[in-house]
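A.B. asks: give the three-dimensional model of this entry:
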Amino acid sequence: MTGLVASIPSPPQAVWHLGPLPLRAYALAILLGIVVAVWLTVRRIVPRGGNADQVYDVAMWAVPFGIVGGRIYHVISTPRPYFGENGNPIKALYIWEGGLGIWGAVALGAVGAWIGCRRTGLSFASFADALAPGLLLAQAIGRLGNWFNQELFGAPTTMPWGLEIDAAHIPAGYDPGTLFHPTFLYELLWCTLGAIIILLLDRRVRFAPFQVFWLYVVWYTAGRLWIELLRIDTAEIIFGMRVNVWVSILVMVGGTIGFFLAGRGNKYVNDSMGNQPQVDAEITE
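C.D. replies: Numbers count the residues shown, from 1 in each chain. The predicted structure is shown next:
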């Protein structure tokens with residue numbers, strides 16, 4: 001402890017070894033997030049005309065595409081550890097050390113999902129809308145990996161929920177014992193709250209195809225914007241702001257436009273329990 005009223009300790013280790021097999025908290029958090037997202041999507045896809053097997057088949061395409069896309073975005077947006085001075089390009093492949101950019105994961109994951117939907121005959125719009133809250137929960141769970149890795153935290157803080165960071169992980173220029181904003185926790189709570197709100201709204205509001213997914217995009221980027229402004233990890237700067245701040249703004253604007261454009265289409269017909277047994281104009285891509 002640091003003498004303040006309270007603080008959040010960081011886990012003492014992020015890797016456990018079962019003989020020669022390393023179990024990494026970051027990888028376990030990502031996998032658990034995927035499991036939760038698939039589970040919730042299965043529960044939400046049936047009222048939209050799909051079935052569990054279709055979700056599993058689509059996930060077989062979407063998950064690897066998303067992981068590759070997330071890593072590509074991370075390397076492009078944070079190139080110095082890999083291609084800068086004293087960088088190591090081979091480490092771009094060390095995904096187990098952390099570093100998945102959500103923007104790349106969603107973008108390329110969507111391509112994989114589209115391919116999977118085409119192959120299974122599942123509506124891409126139905127899948128995207130069913131996935132939206134589960135995707136937020138997956139991102140919330142995935143942030144636990146950053147906590148274990150003691151990475152991606154925010155600026156110093158004197159708030160009682162400040163995050164303790166081991167001396168080995170404290171950036172240069174900060175004294176040992178400094179507490180930092182637990183941005184992993186902020187994003188975890190923000191994403192969890194967003195998932196709850198979307199689930200509640202989707203039971204009461206007549207949304208058009210894709211509107212639930214665009215709602216996810218707007219909610220997440222709104223939170224990521226203010227959380228990103230707190231972070232102090234190395235990042236590329238464009239016109240005085242971190243690249244992910246600009247990306248958050250652009251994607252949030254695009255998501256808002258997409259939400260209203262999708263709303264011009266036909267509406268889902270919701271019953272009082274939130275089921276959506278029919279779609280006036282189903283997209284069967």
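A.B. asks: so how far is stretch 13-24 from its chain's centroid?
C.D. replies: 24 Å (Cα atoms, centre = their mean, to the nearest Å).
A.B. asks: got the buried residues for that stretch?
C.D. replies: Using 16 or more other Cβ atoms under 10 Å as the test for burial, stretch 13-24 gives 14, 24. To be clear about C-beta, it is placed using only N, CA and C from the backbone, and glycine gets the same treatment.
A.B. asks: send me that stretch as CSV with only the CA atoms.
C.D. replies: The C-alpha trace of stretch 13-24 is given here as CSV (Å, rounded to 0.1, in the frame of the first residue of the first chain):
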residue,chain,number,x,y,z
GLN,A,13,2.2,-12.3,-11.8
ALA,A,14,0.6,-12.7,-15.3
VAL,A,15,1.9,-16.1,-16.3
TRP,A,16,1.6,-19.5,-14.6
HIS,A,17,3.5,-22.6,-15.8
LEU,A,18,2.0,-26.0,-16.0
GLY,A,19,5.3,-27.8,-16.7
PRO,A,20,6.5,-26.4,-20.1
LEU,A,21,3.1,-24.9,-20.8
PRO,A,22,2.7,-21.2,-20.0
LEU,A,23,-0.7,-20.0,-19.1
ARG,A,24,-0.9,-16.2,-19.7
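A.B. asks: what mean pLDDT does it get?
C.D. replies: Regarding stretch 13-24, the rounded mean pLDDT is 91.
A.B. asks: show me where pLDDT drops low in the chain?
C.D. replies: By pLDDT under 70, the weakly predicted segments of the chain are 1-5, 96-98, 265-285.
A.B. asks: ranges for the helices of it?
C.D. replies: Here the chain has its helices, by DSSP state H, at 25-45, 52-77, 80-83, 102-120, 124-149, 183-204, 211-228, 243-262.
A.B. asks: can you say which of the ones you listed is nearest to H17?
C.D. replies: For H17, the closest of the helices of the chain is helix 25-45, at 12.6 Å, according to Cβ to Cβ.
A.B. asks: which other helices and strands does that closest one contact?
C.D. replies: helix 52-77, helix 124-149 (3 or more Cβ pairs under 8 Å, 6 or more residues apart in numbering; DSSP states H and E).
A.B. asks: number of nearby residues for V46?
C.D. replies: V46 has 15 neighbouring residues, counting by other Cβ atoms under 10 Å.
A.B. asks: quick check: phi and psi at A14.
C.D. replies: When read as degrees, to the nearest 10, the backbone of A14 gives phi -120, psi 0.
A.B. asks: just checking, it touches N149?
C.D. replies: Yes. With contacts counted by Cβ atoms under 8 Å, A14 reaches N149, the gap being 5.2 Å.
A.B. asks: so which residue is dead centre in the protein?
C.D. replies: Nearest to the mean C-alpha position of the chain, by Cα atoms, centre = their mean, lies Q139 at 3.4 Å.
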